[in-house]
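> Quick one: sequence and predicted model below, then my questions.
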Amino acid sequence: MAHNLTAKKLAETPATVSNYSSWGSRLFDAFNIAFLVGLALVTVLPLMYVLAGSFATEAEIATRPFFLWPETFITGTYDYIFSTPVFLRAMITTICVTAVGTLIQVMLTLTMAYPLSKRVLPGRTLILNLVIFTIVFSGGMIPTYLVVRDLGMLDSYWALILPLAINPFYLIIVKSFFQELPEALEEAARIDGCNELGVFWRIVLPLSKPIIATFSLFYAVGIWNDYMSPLLYINDNDKWTLQVLVRMLTGVDAESSVSAFDSVLFPEQGIKFAVVVVATLPILLVYPFLQKHFAKGVMIGSVKE
């Protein structure tokens, strides 16, 4: 009898604990979902308003403080900006600078991180300490400007790429990733006759697709959204990037900047919205193609040496 009662209690105890655990888990999940939905709405609603405003008339934008769907759907704002030579030139400039800059920055980061991942490299510790030093301390805006000027890169697209060619934080993460790769694969490649460049190109890079995709996206977003570099180093209006143009069109001093746009008329509010949408859309379209590598790449290589 006592044995049956004990067995019954033991059978009921896990169920009771499971019920309490599942109730707490459901409450926690509900709180997380509510919080994340609220955060998503705070993030997405302004973008949806800007998107809706880009298809709305000027009168509707002036009379309705907030809306997610225009009463009168028009596409004249996009027809206007894509027929404007200044905008098209800035768009093409930004795309080219982003593509070339991302390629250069990723290759420089990879080629510097790979040798630093080898413990036998002479002076490795000193170089790593110098890299870490640049994370904590930087020369600042004025010294960087003087270096760019003395190198003759003012009014050059290289001024938007080379000063930020290697991000030291990204470099350390990529180095840590390379250190986690099995050394047996590299040794096997060397036995088969590969030199160090062949090992890097044929073995290391194919295994590094997640981290390459991740930091390619990081570098591309950084270049695409960069506003300060072209503002400091580019004086020629014909070499403006898209972010500078967006700032000129949407800023508080936009009316005083009309003369810089040749014969372009001062845009109305709907055109401002359309410019912001077009400036944001390319990066949003790139992410889905890198998503499968992105989730893995943001965590990979982020362990201590």
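Structure received.

> Flag every buried residue along stretch 51-70.
51-57, 60-61, 70 (16 or more other C-beta atoms under 10 Å). Heads up, the C-betas are built off the backbone N, CA and C, glycines and all.

> how about the residues you listed, which pair is most distant?
Farthest apart among those by C-beta to C-beta are Leu51 and Thr57. That separation is 15.0 Å.

> hang on, the earlier thing: now render the buried residues of stretch 51-70 as CSV, adding pLDDT, distance to Gln105 and secondary structure.
Output for these, formatted as CSV (pLDDT from 0 to 100; distance: C-beta to C-beta, whole Å; DSSP: H, G, I helix; E, B strand; the rest coil):
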residue, pLDDT, distance to Gln105, secondary structure
Leu51, 88, 30, helix
Ala52, 88, 35, helix
Gly53, 86, 34, helix
Ser54, 85, 32, helix
Phe55, 87, 36, coil
Ala56, 85, 39, coil
Thr57, 83, 42, coil
Glu60, 83, 43, helix
Ile61, 82, 39, helix
Pro70, 86, 40, coil
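
> Save those residues as a markdown table, and put in distance to Val221 too.
A markdown table is the format used below for these (distance: C-beta to C-beta, whole Å):
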| residue | distance to Val221 |
| --- | --- |
| Leu51 | 20 |
| Ala52 | 24 |
| Gly53 | 24 |
| Ser54 | 22 |
| Phe55 | 26 |
| Ala56 | 28 |
| Thr57 | 33 |
| Glu60 | 32 |
| Ile61 | 29 |
| Pro70 | 29 |
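
> Return the member of these nearest to Tyr145.
Ser54 (35.6 Å).

> Give me the domain ranges for the chain.
The chain breaks down into these domains under automatic domain parsing: 2-63, 84-297.

> Val50 is in contact with Leu68, correct?
No - Leu68 is beyond contact range of Val50, at 10.6 Å (criterion: C-beta atoms under 8 Å).

> I'd like the mean pLDDT over stretch 92-107, please.
Stretch 92-107 carries an average pLDDT of 93.

> who touches that stretch?
157, 160-162, 164-167, 212, 215-216, 219-220, 223-224, 239-243, 282 (C-beta atoms under 8 Å, 6 or more residues apart in numbering).

> quick revisit: looking at the domains of the chain, which is nearest to Thr75?
Closest approach to Thr75 among those (C-beta to C-beta): domain 2-63, 6.7 Å.

> Just give the nearest non-adjacent residue to Val174, would you?
Excluding the flanking residues, the one nearest Val174 by C-beta to C-beta, 6 or more residues apart in numbering is Ala113, at 4.0 Å.

> Hmm, that neighbour is touching Asn167, no?
No - using C-beta under 8 Å, Ala113 is not in contact with Asn167; the gap is 11.0 Å.

> what about the two, which has more around it?
Using other C-beta atoms under 10 Å, the more surrounded residue of Ala113 and Asn167 is Ala113, with 25 against 18.

> now the helices for the stretch 1-150 of the chain?
Along the stretch 1-150 of the chain, the segments classed as helices by DSSP state H, counting those that start in this stretch run 2-54, 58-63, 76-82, 85-116, 124-136, 141-150.

> Which among the ones you listed is found nearest to Val275?
helix 76-82 (5.8 Å).

> got a pLDDT number for Pro46?
pLDDT, Pro46: 87.

> What's the local residue count around it?
Pro46, neighbours per other C-beta under 10 Å, totals 11.

> how far away is it from Phe87?
Computed as C-beta to C-beta, to the nearest Å, the Pro46 to Phe87 distance reads 22 Å.

> can you check Ala274 too?
Distance of Ala274 to Phe87, given as C-beta to C-beta: 10 Å.

> overlap in contacts of those two?
Ile81.

> Okay, helices next: where are they in the stretch 151-300 of the chain?
Counting by DSSP H, counting those that start in this stretch, the stretch 151-300 of the chain has helices at residues 168-180, 183-191, 196-199, 205-207, 209-224, 228-233, 242-250, 269-297.

> Other residues contacting the fourth one?
The reference is to helix 205-207. Contact partners of helix 205-207, identified using C-beta under 8 Å, 6+ apart, comprise 110, 181, 185, 212.
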